[in-house]
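S.K.: I'd like to go over a predicted model; first the sequence, then the structure.
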Amino acid sequence: MKVAIVHDWLVTKGGAENTLAQMLAVFPQADLFCLLDFIPEAERGFLLNKPSKTSFLQKLPLAKEKYRSYLPLMPFAAERLDLSGYEVVLSSSHAAAKGVRVSAEQLHLCYCYTPFRYAWDLREQYLKEAGLDKGVKGLAARALMAWLRRWDADNSKRVHHFATLSEYVRERIKNAYGRDAEVIYPPVDTDSFTLCEQKEDFYVTVSRLVPYKKVDLIVRAFAGMPDKKLIVIGDGPDREKVRAAAGPNTTFLGHAGAEVVAGHLRKAKAFVFAAEEDFGIAPLEAQACGTPVIAYGRGGALETIQEGVSGLFFREQTEISLAEAVKNFEKVFFSPSDCRANSLRFSEEIFRSKLKAFVEGKTSERRPASAQPR
């Protein structure tokens, strides 16, 4: 079975890239395609040191630093990737990769992290960060985003079968595309986050400091609880805003290496998570360390945290609601071994097994070529 794996872009290593790495582990002979790829050769070990075949976007000016500026060109770039000769095309997509063209003889399967992120749920954030949220430029940019949304919905028909990372996103795919998707939870590196039974007297959060992560809400809530210690690991454009909201009981470590992150996750009494995420890897990394999670009760957290067993939820995205949850948390004992047991449901091994079964199952039940969408 000749397989092509198509990823949106490779610029940094994040959750989608870790998922891509596990796809390559399942299909090590697959060829890799990307719209853009700027991962240095020395850092490609997690991708099995595979080279990728890129689109014309790779050679455009400032593509590495300003790749999001080329969002309007990404549909055209995806459609021009030459995937002829492959029996199965597996797209790994939160943007335009799912819009690749396949022939009637090919099977296109998509692991969809979300419908085109910047045209749907992150549209306003993208426009604001690009300085295109006001005036005539803002009107033109919104019209362009509306076109991207229509393109994304129309070209979702090129996908024969969808898989996705949570029930939460499954509903979003139904609403955007009118299509169903099989839920295959993304891989969590539970081997690198080991169990620690002995906890210390601090709370921790690990996050990029961007608006939707709501780290400013967390530090404000802890500023109102001066007897409790909070450690914030991460950096981002909201750095100054978050620091300004913090009290003296909050310590900022900035961007930290994997060992520092894992060490704090092992020792913390709880991990605090205030975002409404599609899935959320960090809370599961904490649980793998035996550390319970205090999370906002929306989005993927409802699927990854067992309330009363591996954590608890606060129901409103406010400082008051979070502070109340912290008080309630301190009245309950959470077993570190129970937290770790919950995280193991999302291991890399389980992801690989389910992805392999999904691809092989859909390949074996293929419809006749004449009945497949073009």
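M.R.: In hand now; what should we look at?

S.K.: please make it C-alpha for all contacts and neighbour counts, starting now.
M.R.: Fine.

S.K.: show me the shaky parts of the stretch 201-350 of the chain.
M.R.: For the stretch 201-350 of the chain, no stretch is flagged by pLDDT under 70.

S.K.: all strands for it, in order.
M.R.: 203-206, 230-233, 250-254, 270-273, 293-296, 311-314 (DSSP state E, counting those that start in this stretch).

S.K.: reformat these as JSON lines; add mean neighbour count and distance to residue 84.
M.R.: Formatted as JSON lines, the strands of the stretch 201-350 of the chain follow (neighbours: other C-alpha atoms under 10 Å; distance: least, C-alpha to C-alpha, whole Å):
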{"stretch": "strand 203-206", "mean neighbour count": "25", "distance to residue 84": "42"}
{"stretch": "strand 230-233", "mean neighbour count": "24", "distance to residue 84": "45"}
{"stretch": "strand 250-254", "mean neighbour count": "17", "distance to residue 84": "45"}
{"stretch": "strand 270-273", "mean neighbour count": "28", "distance to residue 84": "44"}
{"stretch": "strand 293-296", "mean neighbour count": "26", "distance to residue 84": "45"}
{"stretch": "strand 311-314", "mean neighbour count": "24", "distance to residue 84": "48"}
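
S.K.: reformat these as JSON lines; add distance to residue 176.
M.R.: Shown next, in JSON lines, are the strands of the stretch 201-350 of the chain (distance: least, C-alpha to C-alpha, whole Å):
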{"stretch": "strand 203-206", "distance to residue 176": "31"}
{"stretch": "strand 230-233", "distance to residue 176": "34"}
{"stretch": "strand 250-254", "distance to residue 176": "37"}
{"stretch": "strand 270-273", "distance to residue 176": "27"}
{"stretch": "strand 293-296", "distance to residue 176": "25"}
{"stretch": "strand 311-314", "distance to residue 176": "28"}
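
S.K.: quick check: chain neighbours aside, which residue is closest to residue 308?
M.R.: residue 334 (7.5 Å; C-alpha to C-alpha, 6 or more residues apart in numbering).

S.K.: what's the answer for residue 86, then?
M.R.: That would be residue 2: by C-alpha to C-alpha, 6+ apart, it lies 5.2 Å from residue 86.

S.K.: report how many residues lie close to that neighbour.
M.R.: 12 (other C-alpha atoms under 10 Å).

S.K.: tell me the pLDDT of it.
M.R.: Looking at residue 2, its pLDDT stands at 95.

S.K.: what of residue 67?
M.R.: 87.

S.K.: equivalent analysis for residue 120, please.
M.R.: Reported pLDDT for residue 120: 71.

S.K.: OK, contacts around it?
M.R.: By C-alpha atoms under 8 Å, 6 or more residues apart in numbering, the contact set of residue 120 is residue 149.

S.K.: look up which helix or strand it falls in, please.
M.R.: For residue 120, there is no host helix or strand (DSSP states H and E).

S.K.: the stretch 151-300 of the chain: helices as residue ranges?
M.R.: 167-177, 215-223, 239-245, 258-267, 282-288 (DSSP state H, counting those that start in this stretch).

S.K.: mean neighbour count, these: which tops it?
M.R.: helix 282-288 (a mean of 29; mean count of other C-alpha atoms under 10 Å).

S.K.: run through who's touching that one.
M.R.: Residues from elsewhere that reach helix 282-288 (C-alpha under 8 Å, 6+ apart): 188-190, 193-195, 206, 265-266, 271, 273, 292-293, 304-305, 310, 336, 339-344.

S.K.: now do 6 Å
M.R.: 190, 193, 265, 339, 340, 343 (C-alpha atoms under 6 Å, 6 or more residues apart in numbering).

S.K.: in ChimeraX, how would I select just the buried ones from the residues you listed?
M.R.: In ChimeraX, this line selects whichever of the contacts of helix 282-288 come out buried by 16 or more other C-alpha atoms under 10 Å:
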select :190,193,265,339,340,343
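
S.K.: present the contacts of helix 282-288 as CSV; the columns should include distance to residue 95.
M.R.: Converted to CSV, the contacts of helix 282-288 look like this (distance: C-alpha to C-alpha, whole Å):
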residue, distance to residue 95
190, 28
193, 30
265, 31
339, 33
340, 33
343, 28
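
S.K.: which of the contacts of helix 282-288 sit farthest apart?
M.R.: Taking C-alpha to C-alpha, the two most distant members of those are 265 and 343; they sit 13.5 Å apart.

S.K.: got the phi/psi numbers for residue 32?
M.R.: phi -110, psi 130 (degrees, to the nearest 10).

S.K.: separation between it and residue 8?
M.R.: 11 Å (C-alpha to C-alpha, to the nearest Å).

S.K.: off-centre distance for stretch 311-320?
M.R.: How far stretch 311-320 lies from its chain's middle: 22 Å, per C-alpha atoms, centre = their mean, to the nearest Å.

S.K.: what lies in contact with that stretch?
M.R.: 217, 221, 292, 293, 294, 295, 296, 297, 321, 322, 325.

S.K.: now with 8 Å?
M.R.: Contacts of stretch 311-320 (C-alpha under 8 Å, 6+ apart): 217-218, 220-221, 274, 292-298, 305-307, 321-322, 324-325, 329, 334, 339.

S.K.: so the residue nearest to residue 86 touches residue 32, yeah?
M.R.: No - contact criterion C-alpha atoms under 8 Å: residue 2 and residue 32 do not qualify, at 11.7 Å.

S.K.: what is the burial count for residue 336?
M.R.: Neighbours around residue 336, by other C-alpha under 10 Å: 23.

S.K.: pull the contacting residues for the nearest residue to it once chain neighbours are set aside.
M.R.: Once flanking residues are discounted, residue 336 sits nearest to residue 290: 3.8 Å by C-alpha to C-alpha, 6+ apart. The neighbours of residue 290, taking C-alpha under 8 Å, 6+ apart as the test, are 194, 195, 196, 197, 266, 335, 336, 337, 338, 339, 340.
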